[in-house]
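Participant: no sequence on hand, only this structure:
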């Protein structure tokens, strides 16, 4: 059964429009609270279930935090408030504090006008579909507040940043440090602004932090993992050895070497996997997605590392890892999951795994990826009306078929609807950059024409 509001990464939309309105979010909090309160949590007699609410730095976070808190309290659920914290930090703290769930108010890499809600289970992983269905099923029920004596209470956690900083540092080997490295870290004016620089500094790096002055409106604006040119320029300007860019909620990472060359999630996963294999630490294989560059798959084949593709979205990568008993996976966008280090994708911890490989092998990013030449890949995002289905368009099918015939077995084409925005993503990949660009634009044009009716 399909879900009406939950997408691949929680609920997301434009602030002020359903479902990102105060009244809807209050009902969402109430429904989620009722689901939690009705579950068997093995609580002591009279003890209420409790959740953690964290958020990124969007100005709308204040409004949505209050609405969520009101709904949860009305359902009889206690609330812990962490303030601005990365998404993976909320997953960690939910588990560390033995709470029943964690909630993040964030729209990740989207502009500040958007916001969203993500849920984590008590184990620090994304909620299963069955629970999301239960929460959606209760959204139409009126809010019936618990008696005053049974309302949920709320309090702030003052030491949340320090707890998470120590957790991140614990994933880096004790016998290594980052002394002698000048690192630029771009926090996208987002939730890692008071976290990432401290982690790297306390591990010994000379840190230049940018994107650390959030004002509620500048999150992800021409900075962070989705706008790497800002980091590339800063690395050159500060004569740094390395650059790390995170997105607004801290679950994505891309990196830049001292020459300004960009390394995306596919390349970073390759570095981590190869290093772990060399040290006998790679358990099983690596999970990618339908978007993973074909050169990476071929590179793993040469290393005799098993590789499998999941649907696009970090939750599907995680599901594939769990099904196969593997520990490492990721996406080109920078979502990287190291199950042996954390229960969810974490930009800071993923960067530390790459730094581990660099320090352990004494090589640069270029040295660690030598021999891996990514195929040219073109991604075009086409804005469409909500509900538009490109799969039924004869025009789109014809354009895709023509491209597939021309590229043959030397390329790939992928069309998919975004799970977080009203977009159709058109990806073309192949050996010929000229053909890749031409077919991507032609297919995208067919989608635009079909969407326009």
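Facilitator: Happy to help now that I have it. Please read all numbers here as calculations on a predicted model, not as lab measurements. Numbers count the residues shown, from 1 in each chain.
Participant: how is this structure divided into domains?
Facilitator: 11-158, 165-259, 263-368, 377-452 (automatic domain parsing).
Participant: now render those domains as TSV, adding mean neighbour count.
Facilitator: For glycine as for every other residue, the C-beta is placed from the backbone atoms N, C-alpha and C. Formatted as TSV, the domains of the chain follow (neighbours: other Cβ atoms under 10 Å):
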stretch	mean neighbour count
domain 11-158	20
domain 165-259	22
domain 263-368	21
domain 377-452	17
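Participant: dump those into JSON lines; add mean pLDDT and distance to residue 2 as well.
Facilitator: Output for the domains of the chain, formatted as JSON lines (pLDDT from 0 to 100; distance: least, Cβ to Cβ, whole Å):
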{"stretch": "domain 11-158", "mean pLDDT": "93", "distance to residue 2": "10"}
{"stretch": "domain 165-259", "mean pLDDT": "98", "distance to residue 2": "25"}
{"stretch": "domain 263-368", "mean pLDDT": "96", "distance to residue 2": "15"}
{"stretch": "domain 377-452", "mean pLDDT": "92", "distance to residue 2": "12"}
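Participant: between those, which one is nearest to residue 3?
Facilitator: domain 11-158 (5.8 Å; Cβ to Cβ).
Participant: work out the gap between the closest one and the centre of the chain.
Facilitator: 18 Å (Cα atoms, centre = their mean, to the nearest Å).
Participant: now the terminal residues of stretch 379-395, how far apart.
Facilitator: End-to-end distance for stretch 379-395: 19 Å, by Cα to Cα, to the nearest Å.
Participant: how about the strands in the stretch 51-200 of the chain?
Facilitator: Along the stretch 51-200 of the chain, the segments classed as strands by DSSP state E, counting those that start in this stretch run 78-84, 101-105, 114-121, 154-156, 182-186.
Participant: other residues contacting the third one?
Facilitator: For strand 114-121, the external contacting residues (Cβ atoms under 8 Å, 6 or more residues apart in numbering) are 9-15, 20, 25, 28, 32, 58, 60-61, 64, 68, 87, 90-91, 94, 101-108, 110, 126-128, 131-132, 135, 344, 420.
Participant: for the fourth one, same thing?
Facilitator: Judged by Cβ under 8 Å, 6+ apart, the contacts made with strand 154-156 from elsewhere in the structure are 69, 73, 78, 79, 80, 81, 82, 83.
Participant: partners of that strand in the sheet?
Facilitator: With DSSP bridges as the test, strand 154-156 is paired with strand 78-84 (parallel).
Participant: then the last one?
Facilitator: For strand 182-186, the pairing partners within the sheet under DSSP bridges are strand 206-210 (parallel), strand 242-246 (parallel).
Participant: chain center to the first one: distance?
Facilitator: Distance of strand 206-210 from its chain centroid, counting by Cα atoms, centre = their mean, is 23 Å.
Participant: and the helix or strand following that strand, what does it pack against?
Facilitator: Proceeding C-terminally, strand 206-210 gives way to helix 228-237 as the next helix or strand, assigned by DSSP states H and E. Contacts defined by 3 or more Cβ pairs under 8 Å, 6 or more residues apart in numbering; DSSP states H and E place helix 228-237 against strand 182-186, strand 206-210, strand 242-246, strand 253-257.
Participant: and helix 228-237 with strand 182-186, angle?
Facilitator: 160 degrees (axes from the mean of the first three to the mean of the last three Cα atoms, to 10 degrees).
Participant: list the contacts of the residue nearest the centre of the chain.
Facilitator: The residue lying closest to the centre of the chain (Cα atoms, centre = their mean) is residue 251, at 4.1 Å. Residue 251 sits next to 86, 87, 88, 108, 314, 335, 344, 345, 346, 347 when contact means Cβ under 8 Å, 6+ apart.
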